[in-house]
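[1] Attaching a predicted model along with its sequence, questions to come.
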Amino acid sequence: MSTDFTPTEMMTIAAARALTNDDVCFVGIGAPSAACNVARLTHAPDITLIYESGTVGTKPDVLPLSIGDGELSDTALFTVPVPEMFRYWLQGGRITTGFLGGAQIDKFANLNTTVVGPYDKPKVRLPGGGGAPEIASNCGRIFITMALSNRGFVEKLNFITSMGHGEGGDHRARLGMKTKGPTRVVTDLCIFEPDPVSKELTVVSIHKDVTREQVQENCGWTVKFADHVEDTPVPTETELAVLRDINARTKKAHEAA
Amino acid sequence: MSTDFTPTEMMTIAAARALTNDDVCFVGIGAPSAACNVARLTHAPDITLIYESGTVGTKPDVLPLSIGDGELSDTALFTVPVPEMFRYWLQGGRITTGFLGGAQIDKFANLNTTVVGPYDKPKVRLPGGGGAPEIASNCGRIFITMALSNRGFVEKLNFITSMGHGEGGDHRARLGMKTKGPTRVVTDLCIFEPDPVSKELTVVSIHKDVTREQVQENCGWTVKFADHVEDTPVPTETELAVLRDINARTKKAHEAA
Amino acid sequence: MARLCSLSEAIAENVKDGDTIAMEGFTHLIPYAAGHEVIRQGRKGLYLVRMTPDIIYDQLIGAGCARGMKFSWGGNPGVGSLHRFRDAVENQWPRPLEIEEHSHAAMANAYEAGAANLPFAMLRGYIGADLPKVNPNIRSVTCPFTGEVLAAVPAIRPDVSIIHAQRADRKGNVLIEGITGVQKEAVLAAKRSIVTVEEIVDELNPPSPNSTVLPSWAVTSVVHVPGGAFPSYAHGYYPRSNAFYIAWDKIARERETFQAWIEENVMKASPEDFAKHAEKQPVKAA
Amino acid sequence: MARLCSLSEAIAENVKDGDTIAMEGFTHLIPYAAGHEVIRQGRKGLYLVRMTPDIIYDQLIGAGCARGMKFSWGGNPGVGSLHRFRDAVENQWPRPLEIEEHSHAAMANAYEAGAANLPFAMLRGYIGADLPKVNPNIRSVTCPFTGEVLAAVPAIRPDVSIIHAQRADRKGNVLIEGITGVQKEAVLAAKRSIVTVEEIVDELNPPSPNSTVLPSWAVTSVVHVPGGAFPSYAHGYYPRSNAFYIAWDKIARERETFQAWIEENVMKASPEDFAKHAEKQPVKAA
């Protein structure tokens, strides 16, 4: 067992662990993409990874910089037009797990990637929703991974780009959604899961050498901890080796071209 | 110039002549298919033929028996799924000419291929509309070809499968259609075109050795003749040779398999 | 993930009495072997869906498997009428057949909407046509931006869809080539699906990255049935038997000749009997 | 039929001041050379449409060609912000930019509806999201069968769409392979269209009968511009220049460095300058 790892490595590996061979996973770019490919290269070799560029069953050898790098199509089972991706595969209800990141999240796992400040006069104009609004509603369940910080984990979002559990409780069901929504948020310090009833994000596992105080200091709301908080198992040597290998290959590839 | 030809040959060749190199033509099976391919093999080598099976730019060496024979896909520029054919290409307004046949037609070029007798208790249950209802409304213009007969050319249809000029006049425009509808009906005895105002089918050309009386005897309504009725030019040797060649190849191919 | 199994298992597990069932194939790749297995297993009360109910549904209707049919063109393509279909509609033999009739455009859009998990499809269609007068499932929807009125039909969501394809790999990923019709949509719109294939291969190797593939996890059962599309054809494998389509007109015209044909060629036959049809070479290589 | 011509002719004939214009390409096959020609010809007041306005639209916005933009994700993929886009939205520099913002699903459906000649698209979308509160072009439609309420957006119908593709034949038929994005829909939804290609060939020879082909009669202009998708990529021809995407962040961050780059690499350059980028081999053969 290795003890020499960074918080980001821990985050990626902890995120990867929740995926299984049976998952058909809609992969967001960045941290989600790293986690999904670590899962594929370790315990879930048969996982189906789908990127919104239309690539289905892709097995990239290096992590894509963009959602539509050539690597994704080269290694895919097949590639469909983008309208088909959103109509038949995502809206069609064929995706078991959507894996998202975001700029900001609130305690009900709603995400903001649109604006900081008022929409009409933004303080910061972020990229926008992309696929997230419908990924969040149409996938069987949602995993989220982002580094814990006061800027990112906020009490109230300026803008809900994609709905998590809305105002909490049965809000999703009241809007007619039959999917589960966010079931896990993996950060570099801890793992949250929504409370079964209130749906408020609750710390269920803390990474090695992290304290509850550190979690609270880096989160913009008053953090709830589960009755029993687990210690996140540290990365195995295999997990770390796989992650570092793919990161090294990726760095080399992205700097080359 | 040949004089030895059958009425059906005259019909097919007369139908073929109205097509040009610039046409993108949605081809019905049977007589329309023969006419379109004679056009392609004579004066309109660059015509684009499309069959509703999804085959685009097809150049069959033998006439297909069905709308989706392998010959059509083998010789096509490309083949699209049937929903795409009806959505992007037909409804998309990309087709200049639709070429239809039918079991029954009335004087406003409405077609019936659904039932003879009441819909609920039909005397004869015909195959139904297939692509015709939307071919009739979405193609730039419609050509129709069918043999003239009292059973086929009727005063009143039991059922309008696809609308031609409806009740005549500006009926199409009143329903919001921007396409021309049927502009020519080619039979084995004569050629009809709609009157510019009333839209009633009017004989504009009569084939060799056919009399006005024969036309009237074989038509279920009182036939209108144009002020100036032309003599349909008889088939050229090339036209006849091409038609007979493809018919012979077709007969051989269909009996073989 | 798709289960690779025998045809009798696939039909027994996935096709139930009373199901809404779509066997698709637009002239090409029609799943005849599977249709025969449905007849052999004696399914009753099926609600048949198919754009072009040709011989395969004439056989199911004549054999008494069907209670109703949704369709857009019911004929023997290039030949004439479907005599068993007409006998059911005109004379209720062997039992009455409830019909719901659409245009091709509406059916194709309805499958597309089913695959896209939408409750209905809209189209610029049926203008000036009589079908909306006799089919209460043709309605309308108004554009919330322009006010334009469009035709609307319910999405098709079969209990089970059955198609035939060229090949599958051992994981159950399926490749379809040539005239693909509405088969992909029919499978994705259905709760369960069966794909019979000409070949099972180690590597699917689609010829283009954009080839038509159904991934294993979107299919319920995959069955190896060489020749299973006869008398239709499999692009790259064997040609359409136009001669059989022409011959069917006589076979199906009388109840007795039809029943004798079914007894001999379906009830006493097996899926393996289709293999002989796979041996003919296409006139042109694909 | 498509006209084969030079890029300057194609842009001069088809792109007018004030046009609604879509330059599409989902990371792959982005028509950069054509975008540069639009800047060089000094078009003004363009209303830009694109799902993922990345560097190509950052350049057009910063160069002052645009009055507005409809989009669903505006960023430098994998790198960060589009600084010229942000400067226009946050500081109205070089001019104000009216924006209409959607989700990817809505934009993809809106292109699809445009290609299908429908006035609007419907989707199960935007549930619980805030965009409908700020975008009056997100409305709803009710299913006439189930009563379910779905989101509705207007169809996208550009005056002109521009895409890049792998190859065309001499008649102007175009083949697109790999990640095809919404390019086919963008072309079919538009009044006019320009396709720049890596190669002009005698025979198109699509690898599959079901390959993505745009026939000559559905395209206005076809232009031979090898390397014309750089710094994006052309599947089978050359790889994406991730290094350029990373470098762009610094170039675009300040107005001065941006303007110097445009002057040097667009205003003083020509379409032929893209050819050098076509010489790099992809890491993996397609």
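    Okay, I see it.

[2] Helices of chain A, residue ranges please.
    According to DSSP state H, chain A carries its helices in the segments A:7-17, A:31-41, A:70-74, A:82-84, A:132-138, A:171-174, A:212-217, A:237-256.

[3] a markdown table for these, including mean neighbour count, mean pLDDT and distance to chain B?
    All C-beta spots, glycine's among them, are computed from the backbone N, C-alpha and C. Below are those laid out as a markdown table (neighbours: other Cβ atoms under 10 Å in any protein chain shown; pLDDT from 0 to 100; distance: least, Cβ to the nearest Cβ, whole Å):
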| stretch | mean neighbour count | mean pLDDT | distance to chain B |
| --- | --- | --- | --- |
| helix A:7-17 | 23 | 97 | 36 |
| helix A:31-41 | 25 | 94 | 30 |
| helix A:70-74 | 26 | 90 | 19 |
| helix A:82-84 | 26 | 98 | 10 |
| helix A:132-138 | 29 | 97 | 21 |
| helix A:171-174 | 16 | 98 | 31 |
| helix A:212-217 | 14 | 98 | 51 |
| helix A:237-256 | 16 | 91 | 34 |
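
[4] will you turn these into JSON lines that also has distance to chain C?
    Below are the helices of chain A laid out as JSON lines (distance: least, Cβ to the nearest Cβ, whole Å):
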{"stretch": "helix A:7-17", "distance to chain C": "20"}
{"stretch": "helix A:31-41", "distance to chain C": "15"}
{"stretch": "helix A:70-74", "distance to chain C": "5"}
{"stretch": "helix A:82-84", "distance to chain C": "9"}
{"stretch": "helix A:132-138", "distance to chain C": "8"}
{"stretch": "helix A:171-174", "distance to chain C": "17"}
{"stretch": "helix A:212-217", "distance to chain C": "37"}
{"stretch": "helix A:237-256", "distance to chain C": "20"}
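
[5] Tell me which of the ones you listed sits nearest to B:Ile29.
    Shortest separation from B:Ile29 across these is recorded for helix A:82-84, at 29.1 Å, computed as Cβ to Cβ.

[6] Just name whatever secondary elements the closest one is in contact with.
    Applying 3 or more Cβ pairs under 8 Å, 6 or more residues apart in numbering or on different chains; DSSP states H and E, one finds that helix A:82-84 contacts helix D:104-115.

[7] now the helix or strand harbouring C:Val49 and helix C:104-115, what's the angle there?
    C:Val49 belongs to strand C:46-50 when assigned by DSSP states H and E. Regarding strand C:46-50 and helix C:104-115, their directions subtend 110 degrees when assessed with axes from the mean of the first three to the mean of the last three Cα atoms, to 10 degrees.

[8] near chain B at all, strand C:46-50?
    No - Strand C:46-50 does not reach chain B (Cβ under 8 Å from any Cβ of the partner chain); its nearest approach is 11.7 Å.

[9] what residues does that strand touch?
    For strand C:46-50, contacts defined as Cβ atoms under 8 Å, 6 or more residues apart in numbering or on different chains pick out C:15, C:17-24, C:38, C:56-57, C:60-61, C:65-71, C:156, C:158.

[10] Next secondary structure after it?
    Per DSSP H and E, strand C:46-50 leads on to helix C:55-62 as the next helix or strand towards the C-terminus.

[11] can that following helix be found next to chain B?
    No - judged by Cβ under 8 Å from any Cβ, helix C:55-62 stays clear of chain B, getting no closer than 10.9 Å.

[12] After that helix, which helix or strand is next? Please name it.
    Trace forward from helix C:55-62 with DSSP H and E and the next one is strand C:66-71.

[13] And chain D, is that next one touching that?
    No - judged by Cβ under 8 Å from any Cβ, strand C:66-71 and chain D are separated, with a smallest distance of 14.0 Å.

[14] Which is the succeeding secondary structure element to that strand?
    Taking DSSP H and E, what comes next after strand C:66-71 is helix C:83-91.

[15] next SSE after that following helix?
    strand C:98-101.

[16] In its sheet, which strands sit next to that following strand, and in what direction?
    strand C:66-71 (parallel) (DSSP bridges).

[17] Which positions within the strand it pairs with qualify as buried?
    C:Ala66, C:Arg67, C:Met69, C:Lys70, C:Phe71 (16 or more other Cβ atoms under 10 Å in any protein chain shown).

[18] repeat for stretch A:163-182
    For stretch A:163-182, the neighbour count (16+ other Cβ under 10 Å) marks A:Met163, A:Gly164, A:His165, A:Gly166, A:Gly168, A:His171, A:Arg172, A:Met177, A:Thr179, A:Gly181, A:Pro182 as buried.

[19] any idea how far A:Ala132 is from the second one?
    Here the distance between A:Gly164 and A:Ala132 works out to 11 Å (Cβ to Cβ, to the nearest Å).

[20] which residues do the two both contact?
    Shared contacts of A:Gly164 and A:Ala132, defined by Cβ under 8 Å, 6+ apart, are found at A:Leu111.

[21] Could you find the closest non-adjacent residue to the residue of the stretch 151-257 of chain A found nearest chain D?
    Residue of the stretch 151-257 of chain A nearest chain D, by Cβ to the nearest Cβ: A:Met163 (2.9 Å). Leaving aside its chain neighbours, A:Met163 sits nearest to D:Gly128 (2.9 Å; criterion: Cβ to Cβ, 6 or more residues apart in numbering or on different chains).

[22] So that neighbour is in contact with A:Ser137, correct?
    Yes - at 7.1 Å, D:Gly128 counts as touching A:Ser137 under the criterion of Cβ atoms under 8 Å.

[23] Find the residues that touch each one of the two.
    Each of A:Ser162, A:Met163, A:Met177 lies in contact with both D:Gly128 and A:Ser137 under the rule Cβ under 8 Å, 6+ apart.

[24] which residues pair with the first one across the strands?
    Assessed by DSSP bridges, A:Ser162 has beta-bridge partners A:Leu111.

[25] Report the contact partners of the residue nearest to A:Met11 when sequence neighbours are not counted.
    Spatial nearest neighbour of A:Met11, chain neighbours left out: A:Asp188 (4.2 Å); criterion: Cβ to Cβ, 6+ apart. Applying Cβ under 8 Å, 6+ apart to A:Asp188 gives the contacts A:Pro7, A:Thr8, A:Met10, A:Met11, A:Ala147, A:Leu148, A:His207.

[26] Can you read off the backbone torsions of A:Asp188?
    Main-chain dihedrals, A:Asp188, degrees, to the nearest 10: phi -80, psi -10.

[27] just C:Leu150 next, same as before
    Dihedral pair for C:Leu150: phi -120, psi 160, per degrees, to the nearest 10.

[28] What about it, how many residues nearby?
    19 (other Cβ atoms under 10 Å in any protein chain shown).

[29] do the one 3 residues further on as well
    By the other Cβ under 10 Å criterion, the neighbourhood of C:Val153 contains 28 residues.

[30] any idea of the pLDDT on it?
    As predicted, C:Val153 sits at a pLDDT of 98.

[31] Just the closest of the buried residues of strand C:66-71 to B:Glu217, please.
    For those, the residue nearest B:Glu217 by Cβ to Cβ is C:Phe71; the value is 36.9 Å.

[32] Run through the bridge partners of the closest one.
    The residues listed as beta-bridge partners of C:Phe71 by DSSP bridges are C:Arg50, C:Glu101.

[33] B:Gly129 is in contact with that one, correct?
    No - with contact defined as Cβ under 8 Å, C:Phe71 and B:Gly129 do not form a contacting pair (10.2 Å).

[34] Need the overlap of contacts for the two.
    Common contacts of C:Phe71 and B:Gly129 (Cβ under 8 Å, 6+ apart): C:Glu101.

[35] how about the buried residues of strand C:66-71, which pair is most distant?
    Within those, C:Arg67 and C:Phe71 form the most distant pair, 14.0 Å apart (Cβ to Cβ).
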